[in-house]
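**Student:** just a sequence and a predicted model for now, questions to come.
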Amino acid sequence: MELDRVPEHLLVLGGGYIGLEFGQMFRRFGSQVSIVQRGKQLLAREDGDVAEEVAQIMRADGINILLETTALRVEKIGADKIKLTVRTAAGEQTLLGTHLLVAAGRVPNTERLNLGAAGIALNQRGFIKVNDRLETNVPGIYALGDVKGGPAFTHISYDDYRVIRTNLLAKGQATINNRLVPNTVFIDPQLGRVGLTETEARAQGRNIRIAKIPMTWVARALEVDESRGFMKAIVDADTQQILGCAVLGIEGGELMSMLQIAMMGKVPYPVLQDAIFAHPTLAEGLNTLFTALEE
């Protein structure tokens, strides 16, 4: 990304967090930006309402979003143009840009490690197979971080280290089983998420309730003039435990982390609904969020 000038028109392949973060960043630098996403929505693992709200924010920023669109071929045109041919529901289309960012996913570089010499097994995608203690199939050899697959986040790599440290040095019994995996998409406003999505909870047949409010209901968001997005929490209707959340809004990652702490401590949602939070803070929005369940 060592560019010496701002792209005139950046073509982005992939509507995941990398594509969105870089796409919005360059749009604000002044580039024309087109994001090509093969699936029916941006951020494929998010609930549809979350993805649609993100798409609306991107479009409001002037970004061209093409969904259910497949890249067919790329050609260099002259000295500084790129021709991207795509297939859409309406047929083939051509996009003419100056720069191309491929953000359609990552593959492991495990082929450089000569793992076969040690007999270490890989899965079909080339990632190292591990159990919930991060042990490979070869005794005494462990794998942590992106090389083992799963969520490719810095904080997950650090937690993998914690598991290894606890088990090898402290003789503990730490595992990666059932750990909460938070993540934040650093667009503006941020999208923070942890735990189950609504889609995942319903697929598991859980008895759930959905708390959801627009950020226009959060006083602090109005005061700082950033009221786009919404807060959404999935709760267990029987136990009142918070199962997951998505916060698309100003400091969404920080608000998500507050809910993550509640989940870790098994705090039922009425405690947050009735809590006293300082005014005016974003935390006050949690009162309103869970009060929405009573309406």
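**Tutor:** Structure's in. What do you need?
**Student:** residues touching T175, list them.
**Tutor:** Listed by C-beta atoms under 8 Å, 6 or more residues apart in numbering, the contact partners of T175 are 132-133, 163. The C-beta positions use only the backbone N, C-alpha and C, and glycine is treated the same way.
**Student:** most neighbours, which of these?
**Tutor:** Among the contacts of T175, V163 has the most neighbours (other C-beta atoms under 10 Å), with 20 neighbours.
**Student:** so is that residue in a helix, a strand, or just coil?
**Tutor:** Here V163 is recorded as helix under DSSP: H, G, I helix; E, B strand; the rest coil.
**Student:** cool, L43 as well?
**Tutor:** The three-state label given to L43 by three-state DSSP is coil.
**Student:** quick one, strands of the chain?
**Tutor:** 9-13, 32-36, 64-66, 70-77, 81-88, 91-97, 99-102, 183-185, 190-195, 208-214, 230-236, 242-249 (DSSP state E).
**Student:** mean confidence for the second one?
**Tutor:** It refers to strand 32-36. Strand 32-36 shows a mean pLDDT of 98.
**Student:** that strand pairs with which strands, parallel or anti?
**Tutor:** If you go by DSSP bridges, strand 32-36 pairs up with strand 9-13 (parallel), strand 64-66 (parallel).
**Student:** in JSON lines, list those along with mean neighbour count and mean pLDDT.
**Tutor:** Listed next are those as JSON lines, based on neighbours: other C-beta atoms under 10 Å; pLDDT from 0 to 100:
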{"stretch": "strand 9-13", "mean neighbour count": "24", "mean pLDDT": "98"}
{"stretch": "strand 64-66", "mean neighbour count": "19", "mean pLDDT": "98"}
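**Student:** give me the local confidence score for the residue of the chain positioned farthest from its centre.
**Tutor:** The centre of the chain is farthest from one residue, G78, which by C-alpha atoms, centre = their mean lies 36.7 Å away. The per-residue pLDDT reported for G78 equals 88.
**Student:** what residue ranges in the protein score low on pLDDT?
**Tutor:** Along the chain, the parts satisfying pLDDT under 70 run over 1, 295.
**Student:** break it into its domains for me.
**Tutor:** The chain is divided into the following domains under automatic domain parsing: 9-102, 110-168, 183-294.
**Student:** helices of the chain, start to end?
**Tutor:** With DSSP state H as the criterion, the chain has helices at 17-29, 48-60, 154-168, 198-203, 219-223, 252-264, 269-273, 284-291.
**Student:** quick one: the second one to strand 242-249, angle?
**Tutor:** Spelled out, that is helix 48-60. If you take axes from the mean of the first three to the mean of the last three C-alpha atoms, to 10 degrees, helix 48-60 sits at 10 degrees to strand 242-249.
**Student:** tell me the buried residues in helix 48-60?
**Tutor:** For helix 48-60, burial by neighbour count (16 or more other C-beta atoms under 10 Å) applies to 49-51, 53-55, 57-58.
**Student:** who's in contact with that helix?
**Tutor:** Residues contacting helix 48-60 (C-beta under 8 Å, 6+ apart): 20, 23-24, 35, 41-44, 46, 65, 67, 185, 187, 189, 191, 193, 197, 199, 228-230, 232, 246, 248.
**Student:** now it and strand 190-195, what's the angle there?
**Tutor:** On the basis of the same axes, to 10 degrees, helix 48-60 is oriented at 170 degrees to strand 190-195.
**Student:** check contacts around M215.
**Tutor:** Neighbouring residues of M215 by C-beta under 8 Å, 6+ apart: 189, 221, 226-231, 248-250, 285.
**Student:** how about F230?
**Tutor:** By C-beta under 8 Å, 6+ apart, F230 lies in contact with 53, 212-215, 248-249.
**Student:** that one pairs with what?
**Tutor:** As for beta bridges, F230 partners with P214, L248 under DSSP bridges.
**Student:** follow-up on the earlier one: ranking the strands of the chain by burial, who's on top?
**Tutor:** strand 242-249 (a mean of 26; mean count of other C-beta atoms under 10 Å).
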